[in-house]
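**Student:** Structure for this input, please:
(4 chains)
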Amino acid sequence: MTDTNHTGPNRRRFIQGTLTAVGALSLTGLAGEAVAADKPTLLKIAQASDVQPRAALAGRGPNATWRHQVFDTLTTLDAETGEPMPVLATSWTISDDSKTVVFTLRDGVTFHTGRAFTAEDVIYTLNLIADEGSISQMASIARKFTQVEATGPLEVTITSTDPIGKSIFDVAQLAVIVDQETISGLEDGSKVVGTGPFTWEEWKVGAMLRLAKNPNYWAETKPAIDAIEISIITDRTAHANAARSGTQFVFEVTPSEAVPFEHDRRVTLMNSPAGLIFPVGMNVTIAPMDNKAVRQAVGYAIDRDRILDQVFNGFGSTSDLWWSETEAGMTDDLIHRYSYDPDRARQMIKDAGAEGAEIEISLPAIPMVQAVFEVLQYNLREVGLVPTGRVLNVTEFDGLQANQDLGAMFQQIHGLQGFSAATLVDVLAAVRDQNPSNIPLERYRALKDKLQSSTGEAYTVALKELAEYMLDEAFSHVMVHAPSVSVVSTKLTGARFNAVGYLELVDAKLEG
Amino acid sequence: MTVAPLLELRDLGVSIPSGRKNARADIIEDVSFEVAPGRIVGLIGESGSGKSMTAKSIIRMQPEACQISAGQILFRGKDLAKASQDEMQHLRGAEIAMVFQDPLAVLNPMKTIGWQIDEALIVHGTSRKAAREKTLKLLELVGIPDPKERAESYPHQFSGGMRQRVVIAIALANNAPLLLADEPTTALDVTIQKQILDLLVDLRDRLGVAILLITHDIGVVEEVCDDVVVMYGGMIVESGTAAQVLAAPRHPYTAALLQSMPRPQGERGARMPSIKGGPPDARSLPQGCRFEPRCPMAAETCRQLPPMRAAEGNALHLSRCWFETPDMTKMTAVAAQPRPRRAIGKDTILEVRDLKVNLGQRRGLLRPARPFYAVNGVSLEIGEGETLGLVGESGCGKSSLSRALVGLNPIESGTIRLAGRDVSDMSSGNLKFLRHTAQYIFQDPYASLNPRLTIRQTMQEAMAQGPTASERHDGRINELMELVGLSVRHLDRYPHEFSGGQRQRIGIARTLTVEPRLLICDEPVSALDISVQAQIINLLADMRDELGISLLFIAHDLAVVRHLSDRIAVMRQGKIVEQGQTDQIFSDPKHDYTRLLLSSIPGGHAAQKKAHHA
Amino acid sequence: MTDTAFSGPRASKSRGLVASMLRTYASAFRRPRGMLGLAILSVIVLAGLASPWLWPGGVDQQSRDSLLGMSLAHPFGTDQLGRDIFMRTIYAAKISLGISVVAVPIGMVLGTLMGLSGMISPRLGTICVSLFDLLLGFPGLILAILIVLMVGTGWLSLVLTISLLSIPQFGRLARGAFLSEQAREYVQAATLLNISKTKIMLRHILPNTLDPLVVQLGLVLINGVFIEAAISLVGLGIQPPTPSLGTLLNSGIRYIYQQPLYAAGPTVLLLLLALSFNLMADALNAATGRDAQGDR
Amino acid sequence: MIRFLINRLPSFVLLLVVTSVIAFALPRMVPGDPAAALAGSDATAEQIEAIRQQLDLGRPFVVQYFDWLGGLVQGDLGTSILSGRPVAELIGDRVESSLELTLVAATLMIVIGGVLGVLAGTKQKNWIAGLLDGIIGLLVATPPHVTGLVMILIMTLVLPYWPISGEASLISDPGYGFQLILLPALALSLPQAAAVARLIQSNMRTVAQMDFVELARAKGVPPRRIITHHILRNSLGNALIVIALRVGELLSGAVVIEAIFARNGLGQLAVAATQSRDYMVVQVIIVGAVAIAALVNMLSEIGLAILDPRIRLDTK
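**Tutor:** Just a heads-up that it's a prediction; the model follows:
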């Protein structure tokens, strides 16, 4: 068992993307789980936190398992290429200045209530996102739309002040089309209506969500699974135990929990293309972090390889970037700008006169973040700082983060991976304008604007320029990109994660 | 007297593990006596004399640590000392039955009394149905009315006397020829005691049951016993027929015991004859005669060697003493000349008018009050230097009254005037006055001393409240200790290191620190052995006569009260039914209840009758 | 008979009330059970105190050698960050015990005072009894979470939680003892001598209620350690990298399939502590129980 | 009995009122609010503020308190802030799980505690007595979560495929449900069972010393019958109280056990609601827990009265 801990950090030991026909490799069935052909098939999924129907329009990890079963989006990003693919929109055109987009909608789609889907539903959904009370991460982008109108019963035209050619598909990726007639049902999950392959049947808050097959689904291939049951198992240990006892077909695990399953033939480890990043941020207005050299020294002090290896068991990759390394123009120099160099870091801190500085690091009470903190604290102590941890309840942490009031140093955890860099720089709390690092905005905003309004080669240049600036200012060091790993029974085939990590089960099959 | 004995003990010895490894110490030695059918044998002795242990050993129910180390227990010729537990189990209840002291504690509170009598029959093979029939007959036999109904009652629904009847019914269930009765009346009121004793006599006469009656009360022995065995320090000191032993004791201990018992017809006002010291510790018995340290006749021989069993003279009247007969002059010499009685003053120290004490449930937010008047309109007076005796059976309210007088029980209505001052409201000023004027002596001398404080600490604490200047404390404490007959070297000991009598002396010394004018004594001697009881009575009399303190003396024992009191008040159900001069109460009781009390005094029969006829 | 069986305070040089009580308690540790309990505890505590010298690298010495198995250098192996589990377990015991040792006496003092408050006024006494009921009924973990949320994670909130939860444990006992002692004759005797309430409380009632409280102390102390473990187990207590038995259990259980010793170490230590405190409580009970017998 | 209940009512109501104030105030004294929890981790300050407005959390606390209390009196437990569901429904969803666990644990506690207690309370060979004392002592001192962990450790080694966590309804899936509930119920019940055993043991020893047992011996009752008919019955009186109190403790001890064994009981609901500042849920659960504890307390006293003829017949 121990040898697995010494393998290289970038080794990818999981099957990425769509899982196909691995069921045939399955040698042993799960005891007592055989499903007879005539019996309705029930797919059991376990996850750690409760679903949030109220936040269906936002990007939320706990919604990853069900959102795309109940809802459809206009388009979805391809997990491999990042290109938009048609779903409820069959085609689209983008104006040359990239400020106007026209979507043509699919005909014959109905909501679970039986009502036909029209352009009005798209407009309603986009307006909801731009609304004042919206909690969508895409709200700031949606608010740039000057006009969203129906230019035909199945045609929607969107115009904007800024170029939106790239980010409109990021918005669409999150903007599941909701039914305006039953919208209030989202508030308490009593009625959740979409156009997706499964219908929302019963939600026991904090315990269980049950979905059933939508026999009237618009696609030619109807879902093969009759029902889905998502159990909420909040305790990580219990979660791992549940996973181990083989009662669930799909469940998300932390990388360290994944290790025992590597050699388990009954399951496959599957990662989503998205995943999480773990940045450590510094407030540039608080000493000694107001000194750029100290912030850079922190970059050199962090032993990212060890974090990846020991905390994430090698699942994932080290990277200094806030977006995917497959974005255009990302070189190894940018991706690994700060390599582990404690001597250099120590010297820089000494030169800056920050030796022995006591630094409080705020972090949310999330086990993985805390695990990273242990290494980070050790690393910083090695280079002459005196770090202490301030572990905050997640709710409290989020509140402080929103108020940009996390203190001199703080650890964050971000999802939303898989979106374009242009979108991410405005939605990630670590790097958006209202960030807890309090970076001066003039130059930063200018660089972001340039990125968001450019396409093609200009986009590559702008992104490099922005990356250089952010890495040099070193107000936030990304340490690791970790995929979210799911353990999937070999009996389940055809399940896939989309580009931003949401599970899609429309083509999934369960085999006896 | 030629009937073969039913039970014969031959040289019985019982031992317990001593402090050292594997070594054992005898706590009962050389006990021999017989119980013949149709006779009641009284086994008497003070606490720790081994009388209960002897009885329990007979049916092999002594505590596990105690082993029969010598001798035989012949029951119908069979040696029970060697019988197996199985055999014993069949014998118990069927052949030898036992009656215990506390009739409440020995009945299973969770079972009906019918069930409990049934069980005694069922375990010895009677069918359930037959058992119940017999049970009803037994209940009738022991004098319980409505047996059918009462059989379904639980023990707590019975009075003390009724419970003891039930226990006797259990003992009689299997027609056992031998009954071991261990202090069967000690926990009972005197009137009930009389009934139970009558019942025992009746059983002997009608059914021919042999009874071994264990008791510490000579009165009881006088009343019912045919034969007497006297135990002291784990040995028999004297045995014989009741008539012989009581009329002409041959052992100094028996003689002293007989004298130190207050009697309803004895001389009043004089000092009680008493035995010095206290009973011996079973774990460190004297080398020679066990009574030697307390014996007024002790000689050098007594110190050296234990006396053999004297067999000369009347073979049936045995005494274990080097001397043939006790020298009665030496015995009575223990009691000094009667001290001249200090005259009773004119002033009233305590005056109680229409006192009511409510110990019932008080009104709550949602519940009604349920009053229970433990003291229901009592009036009495005590003059300066006077002793008022307050008698009554348990539950009559005498303790509630005394506790109310010192503010331990709340007063519902009525007035209390102490040395002329109305203290009824028990305000803090009045309480302070009250506590400097009246003090209280508890029944249980041990419970009333803090086990964690040395006597010196207890005395010093009390002293700090008294009128003596603090620098004189130590001297005054020493004086008080000597006054109550203790020595200064006792001061640095803890309460558990004293005997019961000594503790009561300490309790008295403590109350004297505040120099009270009235002492309220709540059954101060009822927890003490007879030989010690007399010492305390003498001490109280001395306090009264030397210091001029008034006494309110509360007791259930009429004879004790009579000895000390100038006047007597008889209390029943919260009221005083009769009050008068001591002699008048005894010679000419006005109230039926007083008469009943007097006629119930065991052994007091003859005297009472005499007084009546006169 | 009880007099002679008594082995409580004996006449000797020191006659103070406190000294004699201490002697009784000390005598508990001459019994085999008390001795064994004390020995187990001493070994654990001494090892914890000596850990800085035994392992000069410190408990937070990380390395690349993660999740090693049992070896001479690492008797319990290493954890996910390459730290020695044995050393961390020993150190953790010290931390967990320390928290309990700080917190429980606070609860004991408060609980005892509240339990005895009936002396000052009967109404106050009843109110305190209601408070005990409330504290006993209050879901412990929710209380812990609320306190953690209010004062933040760390030892302070643990101390607060454990003290609060200990209050009724002592309070009820003190109240019961107070009620029965108050009815005892020697207390009444003192009252009748006009001795002040405070003095009666301090010299008469308190010393005689202390025995059960002292016995209880041992049990609540270990309970405190367990509360710490429970709270840290759900991630609200002591925060990594500082090890406590609860945090070690928390992470150990996550590596249960890879490194079973990780969770086993703190579990065994918890059981040992439980055993040790239980033995000591037993011995104290026996020592003071004999004492109580002497009271009768 | 009714008189008894009436006598207790005022202090019970007072306790509940005090509890309701604390249950209302305490969660609200905690920094962070449900709006932040709802808004999610990527929210900006403006988004949180907008939600706060929507949720109507700005009303004065006193008004909110009396609204809630008024609802409670009418049987309306309020609405969860986070999920928008009625609190009664949230609790209702969890009750089965908690009840099942408590019932199974209580049964185990009574059986195990009773057997251990009776064994330890009767005369045994020296080494058996020592062993029993040791087992009971250790179990008493070891809380459910540690017992649970030990059992998980053992089970993973001995029976790796035994389902350790999760839950299934005992009613709809008895076989599997029972497999799942066994470990948590056992973990939960063992310490309490040991406490019950210890009490029965000491009661039996005390009762064995009592005079009525001596009379039974003197009657010639065989030793076994003495134990069954005299000692046991009289030992169970206050054991009943303790068992009742322990059932209350089972309820509160269940929180951590639920977490470890992934059961969706009330405890988990309480923890989740507290973490996410769902005041409406937290306050109801606290009041409920205290009320149940007080009720259990009262019921146990009534139970004792029923069992003991001395009390039963005197309070008629």
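
**Student:** From now on I want contacts and neighbour counts done on CA atoms only, so please keep to that.
**Tutor:** OK.

**Student:** need the contact list for the closest residue to chain B within the stretch 51-200 of chain C.
**Tutor:** Across the stretch 51-200 of chain C, the shortest distance to chain B (Cα to the nearest Cα) belongs to C:Y186, at 3.8 Å. By Cα atoms under 8 Å, 6 or more residues apart in numbering or on different chains, C:Y186 lies in contact with B:A447, B:S448, B:L449, B:N450.

**Student:** tell me which parts of the stretch 51-200 of chain C are close to chain D?
**Tutor:** Residues of the stretch 51-200 of chain C found near chain D (Cα under 8 Å from any Cα of the partner chain) are C:130, C:133-134, C:136-142, C:145-146, C:149-150.

**Student:** farthest-separated two in those?
**Tutor:** Greatest spatial distance in these: C:S130 and C:L149, 25.6 Å, computed using Cα to Cα.

**Student:** who has more neighbours, the two?
**Tutor:** C:L149 (24 against 18; other Cα atoms under 10 Å in any protein chain shown).

**Student:** Can you get me a residue count around the residue lying closest to the more buried one once chain neighbours are set aside?
**Tutor:** In space, and not counting its chain neighbours, C:L149 is closest to D:V30: 5.8 Å by Cα to Cα, 6 or more residues apart in numbering or on different chains. Applying other Cα under 10 Å, we find 19 residues neighbouring D:V30.

**Student:** for D:V30, what are its contacts?
**Tutor:** Taking Cα under 8 Å, 6+ apart, one finds C:L146, C:L149, C:M150 in contact with D:V30.

**Student:** now these as JSON lines including pLDDT?
**Tutor:** Listed next are the contacts of D:V30 as JSON lines, based on pLDDT from 0 to 100:
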{"residue": "C:L146", "pLDDT": "86"}
{"residue": "C:L149", "pLDDT": "83"}
{"residue": "C:M150", "pLDDT": "85"}
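
**Student:** Let me know the closest of those residues to chain A.
**Tutor:** Taking the contacts of D:V30 together and measuring to chain A by Cα to the nearest Cα, the closest member is C:L149, at 6.8 Å.

**Student:** Tabulate the CA atom coordinates of the one helix or strand the closest one maps to in CSV.
**Tutor:** Assessed by DSSP states H and E, C:L149 sits inside helix C:140-151. This file holds the C-alpha atoms of helix C:140-151, laid out as CSV (Å, rounded to 0.1, in the frame of the first residue of the first chain):
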residue,chain,number,x,y,z
GLY,C,140,-24.2,18.6,24.3
LEU,C,141,-22.8,18.7,20.8
ILE,C,142,-25.1,21.6,19.8
LEU,C,143,-23.9,23.4,22.9
ALA,C,144,-20.3,22.7,21.8
ILE,C,145,-21.0,23.9,18.3
LEU,C,146,-22.7,27.1,19.5
ILE,C,147,-19.8,27.8,21.8
VAL,C,148,-17.3,27.1,19.1
LEU,C,149,-19.1,29.4,16.8
MET,C,150,-19.2,32.1,19.4
VAL,C,151,-15.6,32.1,20.7
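
**Student:** How far off centre is it?
**Tutor:** Here the centre of mass of C-alpha atoms in helix C:140-151, compared against the chain's by Cα atoms, centre = their mean, to the nearest Å, lies 20 Å away.

**Student:** which strands and helices sit next to whichever helix or strand comes after it?
**Tutor:** Moving toward the C-terminus from helix C:140-151, the next helix or strand (DSSP H and E) is helix C:155-182. Packing contacts for helix C:155-182, counted by 3 or more Cα pairs under 8 Å, 6 or more residues apart in numbering or on different chains; DSSP states H and E, involve helix C:85-116, helix C:122-137, helix C:140-151, helix C:206-233.

**Student:** Distance to C:R33 for those - can I get that in TSV?
**Tutor:** Formatted as TSV, those follow (distance: least, Cα to Cα, whole Å):
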stretch	distance to C:R33
helix C:85-116	21
helix C:122-137	31
helix C:140-151	31
helix C:206-233	13
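
**Student:** closest one to B:P145 among those helices?
**Tutor:** That would be helix C:122-137 among those, by Cα to Cα, at 45.9 Å.

**Student:** Only the buried residues of that closest one, if you could.
**Tutor:** C:124-137 (16 or more other Cα atoms under 10 Å in any protein chain shown).

**Student:** Which elements pack onto the helix or strand harbouring B:L598?
**Tutor:** If you go by DSSP H and E, B:L598 is part of helix B:592-600. Packing contacts for helix B:592-600, counted by 3+ Cα pairs under 8 Å, 6+ apart, involve helix B:190-207, helix B:605-613.
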